[in-house]
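Visitor: Kindly generate the corresponding structure for this input.
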Amino acid sequence: MAKDFNVPPVVFPSGGNPGTVIGPGPQQRRPSAPFQPPRSANPNIPFMSFDVSSAPSSTAFSTPQFAPTTIGGGGTGFEDEAPLLEELGINTKQIYQKTISILNPFRVRADLHDDADLSGPFLFLMAFGLFQLLAGKLHFGIILGWVTVAALFLYVVFNMLAGRNGNLDLYRCLSLIGYCMLPIVISSAISLFVPQGGMLIMVISGFFVIWSTRVCTRLLVELASYGDEHRGLIAYACFLIYALFSLLVMF
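Guide: I've put the predicted structure just below:
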């Protein structure tokens, strides 16, 4: 004969669903109370109770809105920014004007070269090296090295001649020698279509060496003080500089 045992109902305080009582009889579900955080022991700290089931369920996210940023305290956006070449200190209009001035050896405008720069000379030196590369000669390092040594040589010679009154700095020497390299660059381009080692290439190179010497001498005399007194020596130093570069073209 089977015996009936009275089994007390089992209540799960954690885990499962709260409010559910499991026992031998029919299961009854008690309504769950809204979740409330435990009260803090400090009464000065406020707390807020909320019901999780009453929070609106939404899966849509709104796009964040950003306020327009102002640049430089002026207008908005990048419209008021200076061009990139201007920020780098490259004045293309000035380089063009200086180039046109060098192309006319009889009317050189020395006032354009008061503001020295290295952007134009660097372009001319790279063009010279490129024409030499097309002729099968890799002279980029030699060209840059010779220009640096030539600027130092001209700087030392001129300041020794002018004494304490000399106002020619090394930066201006680099700028003037680089811009006056334009005739040598033209001769390098012409040499691509002329047989190497002949009399014709020597005559062409000599003409462009005299052109560069005349322009560089005139600029140095007009821009630097006490240069007119030593015009012959300055012209001789410039002739040696550009004659060395013409050797790269002829041989």
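
Visitor: So, low pLDDT: which residues of the stretch 1-150 of the chain?
Guide: Low-confidence segments of the stretch 1-150 of the chain (pLDDT under 70): 1-80, 82.

Visitor: Could you look up the SS state of G136?
Guide: What DSSP: H, G, I helix; E, B strand; the rest coil gives for G136 is coil.

Visitor: In terms of helices and strands, where is the nearest residue to E229 once chain neighbours are set aside?
Guide: Distances taken as CB to CB, 6 or more residues apart in numbering place L161 nearest to E229, at 7.9 Å, with adjacent residues excluded. All C-beta atoms are positioned from the backbone trio N, CA, C, and that covers glycine. For L161, the host element (DSSP states H and E) is helix 140-162.

Visitor: which secondary structure elements does that helix contact?
Guide: Packing contacts for helix 140-162, counted by 3 or more CB pairs under 8 Å, 6 or more residues apart in numbering; DSSP states H and E, involve helix 119-134, helix 170-179, helix 231-250.

Visitor: Could you export these as JSON lines, including distance to V156 and mean neighbour count?
Guide: Shown next, in JSON lines, are the helices and strands packed on helix 140-162 (distance: least, CB to CB, whole Å; neighbours: other CB atoms under 10 Å):
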{"stretch": "helix 119-134", "distance to V156": "19", "mean neighbour count": "18"}
{"stretch": "helix 170-179", "distance to V156": "10", "mean neighbour count": "22"}
{"stretch": "helix 231-250", "distance to V156": "10", "mean neighbour count": "19"}
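
Visitor: Same list (these) but as CSV, adding distance to R214.
Guide: Listed next are the helices and strands packed on helix 140-162 as CSV, based on distance: least, CB to CB, whole Å:
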stretch, distance to R214
helix 119-134, 17
helix 170-179, 13
helix 231-250, 8
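
Visitor: re earlier: list the contacts of the residue nearest to E229.
Guide: L161 sits next to Y226, E229, H230, L233, I234 when contact means CB atoms under 8 Å, 6 or more residues apart in numbering.

Visitor: re the thing from before, buried stuff in the helix holding L161?
Guide: I143, W146, V147, A150, A151, L154, Y155, V157, F158, N159, L161, A162 (16 or more other CB atoms under 10 Å).

Visitor: how near is the closest residue to the second one other than its chain neighbours to K137?
Guide: In other words, W146. Using CB to CB, 6+ apart and skipping the chain neighbours, the partner closest in space to W146 is L244 (6.2 Å). Taking CB to CB, to the nearest Å as the measure, L244 falls 15 Å from K137.
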